[in-house]
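Visitor: I need the structure of the sequence given here:
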Amino acid sequence: MSDNFERAKALFFDGLAQLEAGRLTEAERCFAESLVQVPGRPSTLSNLGTVRRRLGRLDEALQSFDELVRVQPEEAEAWLCRGEVLLQLDRHDEALADYDRCLALDPNRALAWSRRGSLLRLAGRAEEAADAFERAITVGDASDTTRYFLASVAARKAPPAVAPAAYVQTLFDDYADDFDEHLVEGLDYDVP
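Guide: Below is the predicted model of the structure:
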């Protein structure tokens with residue numbers, strides 16, 4: 001084996017250790033340096049994209065996943081990861097297309113079915129959303145949130161009385177960063 005491959009391998013495993021320890025910036029450095037040694041290595045691209053996503057650098061994460069689907073177009077996980085970043089970037093049509101590519105390669109991906117259902121629900125395509133949520137449940141997603149969303153779009157299901165606690169907590173956690181700005185700018189709040 002070449003020295004480049006051995007160096008890339010060592011950097012990759014160091015990156016995994018850094019990621020496991022929660023040192024994301026150091027993990028990113030290791031994975032990026034590993035790719036300099038051996039460009040296009042799928043496992044390294046995937047981990048680099050994941051780290052960048054966790055760091056909140058979504059455009060850079062997308063670049064990593066773009067490269068990953070270029071080198072591994074038949075890998076369902078690559079399309080799922082790319083779709084997740086596109087969803088976070090509010091590029092819903094592109095995310096939906098990536099979830100569809102993922103499911104064409106592996107129809108047993110519960111997360112892809114659930115995300116597909118959520119995007120179809122947002123697009124007002126209730127019946128298709130219900131089918132996707134049902135499929136997510138069939139292939140293993142037994143979460144209260146998926147069942148809640150299914151009930152919200154399926155005419156054949158009675159809507160639940162309350163949203164699942166995990167969904168409400170995530171909703172509020174995601175909104176927390178924008179609350180002050182929305183309160184002052186959106187609602188014109190000016191009382192001390």
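Visitor: from memory L68 sits against T44, does it?
Guide: No - judged on C-beta atoms under 8 Å, L68 makes no contact with T44 at a distance of 9.4 Å. The C-beta positions use only the backbone N, C-alpha and C, and glycine is treated the same way.
Visitor: who's in contact with the residue nearest to the spatial centre of the chain?
Guide: When C-alpha atoms, centre = their mean is applied to the chain, the residue found nearest the centroid is E84 (2.6 Å). By C-beta atoms under 8 Å, 6 or more residues apart in numbering, the contact set of E84 is 53, 95, 115.
Visitor: In terms of pLDDT, where does it sit?
Guide: pLDDT, E84: 98.
Visitor: Give me the distance between it and G140.
Guide: 18 Å (C-beta to C-beta, to the nearest Å).
Visitor: same thing with V71?
Guide: Taking C-beta to C-beta, one finds V71 at 28 Å from G140.
Visitor: Tell me how many other residues crowd D3.
Guide: When neighbours are counted by other C-beta atoms under 10 Å, D3 registers 8.
Visitor: Check what pLDDT it gets.
Guide: D3 is given a pLDDT of 91.
Visitor: State the distance from it to A32.
Guide: 18 Å.
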